[in-house]
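test case, fold it:
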Amino acid sequence: MFFDWRFWIIVCFVSIANLSLIYAFEDSFVDTASKIERPLHVKVVLSTTPPTKEPIKEESIQTIQETKSIKEPPKNIKKPKEILKTQKRVTAKNIQQDIKKDLPMHKEPLVQQVAQEEKAYIDKEALKDEWLNALRQKIEKNLIYPPKAQKRKQEGSVEVLLVVKSNGDLLSFSLSKRSEFKSLDNASLELVQKIFPLTPFQSALFGDKMEVIIPINYKLKEKK
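Numbers count the residues shown, from 1 in each chain. Prediction:
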């Protein structure tokens, strides 16, 4: 019986030792299992690392190279200043030679002809002014302001168109502009009849007849 009791005691100790080993093994298994699961959390940390640089596209590199090629200065361009200088040197001599060639051989006859034409024109205008001055003097001498128009304080302007022959006779006349009053118009027509005949003029210069417009202003003097 004693052997059995000790045997069972030994068996109990052995079983307890086995259980402790089993628990220890289970604890170590749990620890190793937990250690295996932990690296899964490390992936999250790795995801926060800066991303890798993407390769630069070839298109952007090509555009930069093209812009750089534009900045290159053009080659073999002629200077404009040199071209202008050569043109001046060539044309200056040619112009002087052309002027000498184009000049007329006979200067004096042309100058004399122009002088004669100018003199003839001046003489013609002088004769015309002289004839018109004579006509103006006759008009001022024979001009009469109608007394009735003065009393009624009638004023106005009249224009008379005359057609005069070269011998000084009157060919025709008419009123090209009338006033507001018949008395002034009639006085102008009577004036034309008094001034004729006029001084003759040269038909070679002015033709066989001449048209003349005579403006007549009827205006009363202001009393001071």
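
in three-state terms, label Ile144 for me.
coil (DSSP: H, G, I helix; E, B strand; the rest coil).

residues in contact with it?
By C-beta atoms under 8 Å, 6 or more residues apart in numbering, the contact set of Ile144 is Ala187, Glu190, Leu191. Every residue, glycine included, has its C-beta placed from N, CA and C.

which of those sits closest to Asn167?
Leu191 (20.9 Å; C-beta to C-beta).

my guess is that closest one contacts Leu143. True?
Yes: between Leu191 and Leu143 there is a contact under C-beta atoms under 8 Å: 6.0 Å.

which strand or helix spans Ser174?
In the assignment (DSSP states H and E), Ser174 maps to strand 170-177.

okay, and the common contacts of Leu191 and Leu143?
Ile216.

so which of those two has more stuff around it?
Leu191 (18 against 14; other C-beta atoms under 10 Å).

got the angle between the helix or strand harbouring that one and strand 170-177?
The secondary structure element spanning Leu191 is helix 182-195 (assigned by DSSP H and E). For helix 182-195 against strand 170-177, the angle by axes from the mean of the first three to the mean of the last three C-alpha atoms, to 10 degrees is 160 degrees.

how many residues are close by the residue nearest to Phe181 when sequence neighbours are not counted?
Using C-beta to C-beta, 6 or more residues apart in numbering and skipping residues adjacent in sequence, the residue nearest Phe181 is Gln154, 4.5 Å away. Neighbours of Gln154 under the rule other C-beta under 10 Å: 18.

please renumber the chain so that the first residue is 826 from this point on.
Shifting the count to begin at 826 puts that one at Gln979.

for the protein, just list every one of the strands.
Ranges of strands in the chain, per DSSP state E, are 981-990, 995-1002, 1034-1043.

in CSV: those, plus mean neighbour count and distance to Leu935.
CSV is the format used below for the strands of the chain (neighbours: other C-beta atoms under 10 Å; distance: least, C-beta to C-beta, whole Å):
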stretch, mean neighbour count, distance to Leu935
strand 981-990, 18, 37
strand 995-1002, 14, 41
strand 1034-1043, 15, 33
